[in-house]
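Asker: Give me a model of this one.
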Amino acid sequence: MADIIVRSSPLEPAAQALLDGLVAEYDGRYGAASRPGGARAEILRYPAEAYRPPLGDFLLVVRDGETIAGGAFMSHDDATVELKRIWTRPDLRRQGLAKRVVRALEESAAGLGYSRAYLTTGFRQPEATALYASLGYRALYDVGADPLLYRSLPFEKSLDSAAGPATPAYPPAASFEAATVRVNAVKAEQERQLLARIAAHRTRAA
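Answerer: All right, here's what the predicted structure looks like:
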């Protein structure tokens, strides 16, 4: 049977293989104590509503009834989405599944009117860094610096030829601890913006 891409939600049973796989991946690379509640708390940080159109999307690649890959995005503003939860089953990697997921997410985001994609990956995930670079994502950090001094490595890509100027890269932090403070502040502001967008969408839909 051919692989199919389906719209899902982090609340659906079909998504649990992806969520469990991400938890195992992140806790294995960074340690379960690297953040409060471990990777699962971070993965479930945002409400499922964040991954539903028009504010986001959550896609799975299904083969013979089993989830083998997937990913999602959520909106930061009217122009920008952040890609999240990109995952491929470990025994099926290096077969182009992650590229297919990212391209499907980009197509969905563009179809919803977004013109810019943003994402981050961890400093211990060189495979992901290479993947995003191969798909045309531009690093928003000094690629010559120690990735520990960023902790979270940001990228962006225009989804629209008429998009605005590129975002300037920012310098490394003074230490890993300072990088952690900066990353946490960025995430807190993104979460504030997202929750405000969800609230506004609920109001419009009422």
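
Asker: and residue 39, that's in a helix?
Answerer: Yes - using DSSP: H, G, I helix; E, B strand; the rest coil, the secondary structure at residue 39 is a helix.

Asker: Give me the distance between it and residue 45.
Answerer: Between residue 39 and residue 45 the computed distance is 10 Å (CB to CB, to the nearest Å). All C-beta atoms are positioned from the backbone trio N, CA, C, and that covers glycine.

Asker: try residue 96
Answerer: For residue 96, the distance to residue 45 equals 29 Å [CB to CB].

Asker: next one: residue 172
Answerer: 25 Å.

Asker: Spell out the residue ranges of the helices in this protein.
Answerer: Counting by DSSP state H, the chain has helices at residues 16-30, 38-43, 97-111, 126-134, 176-205.

Asker: Between residue 39 and residue 45, which is the more surrounded one?
Answerer: Shown here are residue 39 and residue 45; by other CB atoms under 10 Å, residue 39 has more neighbours (21 against 13).

Asker: Let me see the contact set for that one.
Answerer: Neighbouring residues of residue 39 by CB atoms under 8 Å, 6 or more residues apart in numbering: 22-23, 25-27, 30, 32.

Asker: ok, residue 70 - how many residues close by?
Answerer: For residue 70, using other CB under 10 Å, the count is 30.

Asker: can you offset everything so residue one is 25?
Answerer: Got it, the first residue is 25 from now on, which makes the last one we talked about residue 94.

Asker: Was I right to think it contacts residue 122?
Answerer: No - at 9.7 Å, residue 94 does not count as touching residue 122 under the criterion of CB atoms under 8 Å.

Asker: Overlap of the contact sets of the two?
Answerer: With CB under 8 Å, 6+ apart as the test, residue 94 and residue 122 both reach 110-111.

Asker: quick one on the thing from earlier: most neighbours per residue, which of the helices of the chain?
Answerer: Highest mean neighbour count among the helices of the chain (mean count of other CB atoms under 10 Å): helix 121-135, with a mean of 18.

Asker: What are the contacting residues of that one?
Answerer: Residues contacting helix 121-135 (CB under 8 Å, 6+ apart): 27, 29, 77, 81, 83, 85, 92-97, 105, 107, 110-112, 141, 155-156, 158-159, 181, 183-184.

Asker: ok, the residue nearest the centre of the chain to residue 86 distance?
Answerer: Among the residues of the chain, the one closest to the centroid is residue 108, at 1.7 Å (CA atoms, centre = their mean). Taking CB to CB as the measure, residue 108 falls 19 Å from residue 86.

Asker: swap in residue 105?
Answerer: Distance from residue 105 to residue 86, counting by CB to CB: 23 Å.

Asker: Return the helix or strand in this structure with minimum mean pLDDT.
Answerer: helix 62-67 (a mean of 84; mean pLDDT, DSSP states H and E).

Asker: what about dumping the CA coordinates of it to CSV?
Answerer: Extracted C-alpha coordinates of helix 62-67, given in CSV (Å, rounded to 0.1, in the frame of the first residue of the first chain):
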residue,chain,number,x,y,z
GLY,A,62,11.3,16.1,30.3
ALA,A,63,10.6,16.1,26.6
ARG,A,64,6.9,15.1,26.9
ALA,A,65,6.0,18.3,28.8
GLU,A,66,7.6,20.4,26.1
ILE,A,67,6.0,18.4,23.3
